[in-house]
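Q: This is a predicted model, with the sequence first.
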Amino acid sequence: MSDGPAAWTADEMMTVAAARQLRDGAACFVGIGLPSTAANLARATHAPNLVLVYESGCLGAKPDRLPLSIGDGVLADTADAVVSVPEVFNYWLQPGRIDVGFLGAAQLDRYGNINTTVVGGDYDAPDVRLPGAGGAPEIAASCREVVVIVRQNRRTFTERVDFVTSVGYGSGPGDRERLGLRGGGPRLVITDLGVLEPDPVTCELTLTHLHPGVTREQARAATGWDLAVAEPLSTGEPPTAHELAVLRALEATKQPLPQRQAVAPEA
Amino acid sequence: MSDGPAAWTADEMMTVAAARQLRDGAACFVGIGLPSTAANLARATHAPNLVLVYESGCLGAKPDRLPLSIGDGVLADTADAVVSVPEVFNYWLQPGRIDVGFLGAAQLDRYGNINTTVVGGDYDAPDVRLPGAGGAPEIAASCREVVVIVRQNRRTFTERVDFVTSVGYGSGPGDRERLGLRGGGPRLVITDLGVLEPDPVTCELTLTHLHPGVTREQARAATGWDLAVAEPLSTGEPPTAHELAVLRALEATKQPLPQRQAVAPEA
Amino acid sequence: MAKLVSLADGVADLVRDGDVVALEGFTHLIPFAAGHEIIRQGRQDLTLVRMTPDVIYDQLIGAGCASRLVFSWGGNPGVGSLHRFRDAVQHGWPRPLELEEHSHAGMANRYVAGASGLPFAVLRGYSGTDLLRHTSNIRPITCPFTGETLTAVPALRPDVTVVHAQRADRAGNVQMWGITGVQKEAVLAAHRSLVTVEEIVDELQPVPGQVVLPGWAVTAVAEVPGGAHPSYAHGYSVRDNDFYRAWDAVSRHRDTFRDWLDQHVHRAGATA
Amino acid sequence: MAKLVSLADGVADLVRDGDVVALEGFTHLIPFAAGHEIIRQGRQDLTLVRMTPDVIYDQLIGAGCASRLVFSWGGNPGVGSLHRFRDAVQHGWPRPLELEEHSHAGMANRYVAGASGLPFAVLRGYSGTDLLRHTSNIRPITCPFTGETLTAVPALRPDVTVVHAQRADRAGNVQMWGITGVQKEAVLAAHRSLVTVEEIVDELQPVPGQVVLPGWAVTAVAEVPGGAHPSYAHGYSVRDNDFYRAWDAVSRHRDTFRDWLDQHVHRAGATA
């Protein structure tokens, strides 16, 4: 197994950085997309006993390919148990049994609050209507810690989110406790540029690591608030050849984009 | 099949009278003992599509022998579905999906209230400690109607129950509504002497049928309050030879009482 | 005992203009054929309820069947946005769509309360979110033992719930397995229910992971093989991921959507 | 991942004097062997929790392990009364037994609340009964949407729950089937859990009607073949109805009970 550096994309770096954060044996609540890819990369590399929990009710899924949807049959086929959707939220997420909750974001603010609902305009007449909450509010509330994976740019990293779909640290220290949120909140925000962590005192997201080849100025320019930077600011390890090989093999298990325009008629 | 009369015991008459009350296709919540025997007799005679629901979580059990316990394996093996105990109470009993709930009683009063908890003395120092509530309070509350099966005597049929374990008509008309009980309450009390039904106006249990060979004086003497009697008071049909044959064949499927005094050591 | 019916008759009997209708299925076992029949029969003014209004509700919304949507996540899973949903919300086309928005945990518990005959459910949820500002259907509740404040949501009681399952027997006992989502709760919460199945069989053979809905808790069952397409029925079909990807282009414009609707729904006719 | 332990070590590690202990199993899969090990290890002052305190709790109560009982139905199913339970309640022998009494629906929902991380559960229950007079753990609660009054019960959070199951694998994933009662909820509600199993296998083959508890939600697993006797393990054994019937005579008198306890529990030793 080669551990040397290799050429990689920013998304690959982001996925690898997220995967590395998952310790073996942890229970992870994962959504489809980058979180699922990162969790499956971790399971295929350093964390073979990572427990993947999908909100479709699959506990301990062990897919041998990347699921395209959260209800992919491969998740049910390989799970230790398939439970109902009410059960996965009530018996597994809500009591705090999940170690790590993965979330994405359409907007993220300096206290790690997340918007996936509406951007611009009013709620009733938004500029952009997004999918909404899904499982995110309670994932953000109840997991022992939350890891956010999101591409970093000024549109996404905004001073105030237009809608609080999922609470990070609210408006600062003590807010999670006041709101009765029992999980720890966002421990890491992993982007295509680096890694942000909440300041232990102020809870403000602070740039703590850059990915190789990225500058702090790039990160600050891609942030819609005056981004705090940790001193010293370290630079993370690039993806190893092994990590990249496994990640690319995983990605190759996704089906190709459709070649045809017509949509299949009903069976 | 012979339909002529035959010699029978008072318990057999009581069981047959209860079985006859069950219409085909009804969903019945049954406990072990006489209710289970009556329900299985009905299923084996005029009501082949009777749905038997046991609080152990067995929905639509079709036992080919009388189960000795509510968690008998034959119930799980023959059920349409086996669900958890919380589910049987929450999804099946509580919303009022069950047509008929069968209950027994250690004490019963003139408004059909039932005691299966303590007799005599104080609650904390009772003369007799009985098993307690089990599923009965919510069966009494939520089934569309309740059928009580109980042997009639002055100890059991008492002016006031020492403890209200399960509510019949409380202290009279309107009480069920005031208490928020959505089921209809006791429609029939079937005893070894006859059948009692609540008066449509006063809700007081009234003797409406005698079993063959029983007199109204016997029934009144076996009741701890001044028992109202319907006019005209009818006498029910004796068990048919077919009913008796089926009932006795069912009873024969129970295991014999133990012949030995020693208790088997652990496996 | 559930009645065995044709899809057309089942929809005609059980789904009425103005109804609160839940079509459930969590990625798996989505009752697409029944949704298309609702469109074909021209139902209007429906309140559509569904945790994940994905392509099936994009079609119903675009076809003008809905005036209200109660939901927790609206998107094309793994692909992107729902363009007909967005067009209705952002531009009122083909008619305005009122939204009542929840989280998955809230919606799942609302069905649980409905199935349980309770007026509300309690959860740890919504706290600190802006969802609280936009519906009166999320309220605080105090624990009578600890004094702690939690969140209450009202029961969902759809007029009719429609789901797809693998099999039923002739008494209408329904069997499904794989990812079974919130379907049991959605059926039990509803006043009426219609289940489409891949096949009706003489006897249901037990399957690991199965959920069985007794026939006496279901209103009607229709045999509709492939009735979940482009979703799938575990053991019968696989998800048509190409359809979901292609839907993005089909649904992006009103005219391509209308052409698709005309060709694949209106002219197709009920499959059963 | 659950630890694989011997029964003696599992009880020694996980069950402590003064604990709130739930041994669950609804007629089926009752963890008798673990109950006997608790007696052998001389645990005292336990609060015993169980929906149906039947023969297993008659034994623990008669052996003097318990000071409190939280329950909803105490009897010898299909046979009659529990004489050791009655003796403790009526005469304080071998020590007084404080009771907290509920209905099945209340107890089941208390476990559900515990498993769900909620401080209480809501049900339609207890209304009009005298159970309300004897515990403060049943309280009214008002629906914040309809104003209707319902009943609240507090969550059960046992220090330790003990159940018996058919199988586990080497990672401690537990598999049970048949009547599975309230066992999942009782395990998930507890701070610690011990599961005895008929056998530990390399791989769990799926079985219809199975409930699987992932190893990461279980504290320890002990292989104890026959550990449910005289209860049964569906697929492994049948219920020893003779034992239950004979228990009536054995337990009726203190001396015959003590002889039985001495011979069949104290001198028997742990089976694993």
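A: It's in. Numbers count the residues shown, from 1 in each chain, chains lettered A, B, ... in the order given.

Q: Could you count how many residues lie near C:Tyr57?
A: 24 (other Cβ atoms under 10 Å in any protein chain shown). All C-beta atoms are positioned from the backbone trio N, CA, C, and that covers glycine.

Q: Are the helix or strand encompassing it and chain A in contact anywhere?
A: Assigned by DSSP states H and E, C:Tyr57 falls within helix C:55-62. No - Helix C:55-62 lies out of reach of chain A by Cβ under 8 Å from any Cβ of the partner chain, never closer than 10.0 Å.

Q: Give me the residues contacting the very next helix or strand once past that helix.
A: Counting by DSSP H and E, the element after helix C:55-62 in chain order, helix or strand, is strand C:66-71. Strand C:66-71 has contacts (Cβ atoms under 8 Å, 6 or more residues apart in numbering or on different chains) with A:132, C:44-53, C:57, C:60-61, C:85, C:88, C:95-102, C:107, C:156.

Q: Strand C:66-71 - what's its average pLDDT?
A: Averaging pLDDT along strand C:66-71 yields 98.

Q: and the angle for whatever helix or strand comes next after that strand with helix C:55-62?
A: Going down the chain from strand C:66-71, the next helix or strand is helix C:83-91, by DSSP H and E. Counting by axes from the mean of the first three to the mean of the last three Cα atoms, to 10 degrees, helix C:83-91 lies at 40 degrees to helix C:55-62.

Q: Only C-alpha atoms, please: export helix C:83-91 in CSV.
A: Taking C-alpha atoms only, helix C:83-91 is exported to CSV below (Å, rounded to 0.1, in the frame of the first residue of the first chain):
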residue,chain,number,x,y,z
HIS,C,83,-38.7,21.8,-9.9
ARG,C,84,-42.5,21.5,-9.9
PHE,C,85,-42.5,21.9,-6.1
ARG,C,86,-40.2,25.0,-6.4
ASP,C,87,-42.3,26.4,-9.2
ALA,C,88,-45.5,26.1,-7.1
VAL,C,89,-43.9,27.6,-4.0
GLN,C,90,-42.0,30.4,-5.8
HIS,C,91,-44.5,31.2,-8.6
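
Q: Please name the strands paired to the helix or strand following it in the sheet, noting orientation.
A: Heading C-terminal from helix C:83-91, the first helix or strand you meet, by DSSP H and E, is strand C:98-101. Here strand C:98-101 is paired, per DSSP bridges, with strand C:66-71 (parallel).

Q: in the strand it pairs with, what's buried?
A: C:66-67, C:69-71 (16 or more other Cβ atoms under 10 Å in any protein chain shown).

Q: Number of residues surrounding the closest residue to A:Pro63 other than its chain neighbours?
A: Excluding the flanking residues, the one nearest A:Pro63 by Cβ to Cβ, 6 or more residues apart in numbering or on different chains is A:Val74, at 4.6 Å. When neighbours are defined as other Cβ under 10 Å, A:Val74 has 17 of them.

Q: Likewise for A:Glu231?
A: 6.

Q: tell me the SS of it?
A: Using DSSP: H, G, I helix; E, B strand; the rest coil, the structure places A:Glu231 in strand.

Q: On the pLDDT front, check it for me.
A: The per-residue pLDDT reported for A:Glu231 equals 93.

Q: ok, now which ones touch it?
A: Contacts of A:Glu231 (Cβ under 8 Å, 6+ apart): none.

Q: What's the separation between it and A:Arg187?
A: Using Cβ to Cβ, to the nearest Å, we find A:Glu231 at a distance of 20 Å from A:Arg187.

Q: swap in C:Thr142?
A: 31 Å.

Q: what about the helices in chain C?
A: For chain C, the helices defined by DSSP state H cover C:7-14, C:32-40, C:55-62, C:83-91, C:104-115, C:183-189, C:241-252, C:254-261.

Q: Pick the most deeply packed of the ones you listed.
A: Most buried of the helices of chain C, by mean neighbour count (mean count of other Cβ atoms under 10 Å in any protein chain shown): helix C:104-115, with a mean of 29.

Q: Serialize the helices of chain C to TSV and add fields for mean pLDDT.
A: Listed next are those as TSV, based on pLDDT from 0 to 100:
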stretch	mean pLDDT
helix C:7-14	98
helix C:32-40	98
helix C:55-62	98
helix C:83-91	94
helix C:104-115	98
helix C:183-189	98
helix C:241-252	96
helix C:254-261	98
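
Q: Pipe those helices into JSON lines and attach distance to chain D per row.
A: Output for the helices of chain C, formatted as JSON lines (distance: least, Cβ to the nearest Cβ, whole Å):
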{"stretch": "helix C:7-14", "distance to chain D": "26"}
{"stretch": "helix C:32-40", "distance to chain D": "27"}
{"stretch": "helix C:55-62", "distance to chain D": "25"}
{"stretch": "helix C:83-91", "distance to chain D": "26"}
{"stretch": "helix C:104-115", "distance to chain D": "9"}
{"stretch": "helix C:183-189", "distance to chain D": "14"}
{"stretch": "helix C:241-252", "distance to chain D": "26"}
{"stretch": "helix C:254-261", "distance to chain D": "37"}
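
Q: mind putting these in a markdown table, distance to A:Thr165 included?
A: Listed next are the helices of chain C as a markdown table, based on distance: least, Cβ to Cβ, whole Å:
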| stretch | distance to A:Thr165 |
| --- | --- |
| helix C:7-14 | 35 |
| helix C:32-40 | 27 |
| helix C:55-62 | 20 |
| helix C:83-91 | 16 |
| helix C:104-115 | 12 |
| helix C:183-189 | 24 |
| helix C:241-252 | 23 |
| helix C:254-261 | 28 |
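
Q: neighbours around residue 64, how many?
A: If you meant another chain, say so; for now it's chain A. Counted with other Cβ under 10 Å, A:Asp64 comes out at 11.

Q: wrong one, chain C
A: The tally of other residues near C:Gly64 (other Cβ under 10 Å) stands at 18.

Q: Hmm, A:Ala222 and A:Leu193 touching each other?
A: Yes - at 6.1 Å, A:Leu193 counts as touching A:Ala222 under the criterion of Cβ atoms under 8 Å.
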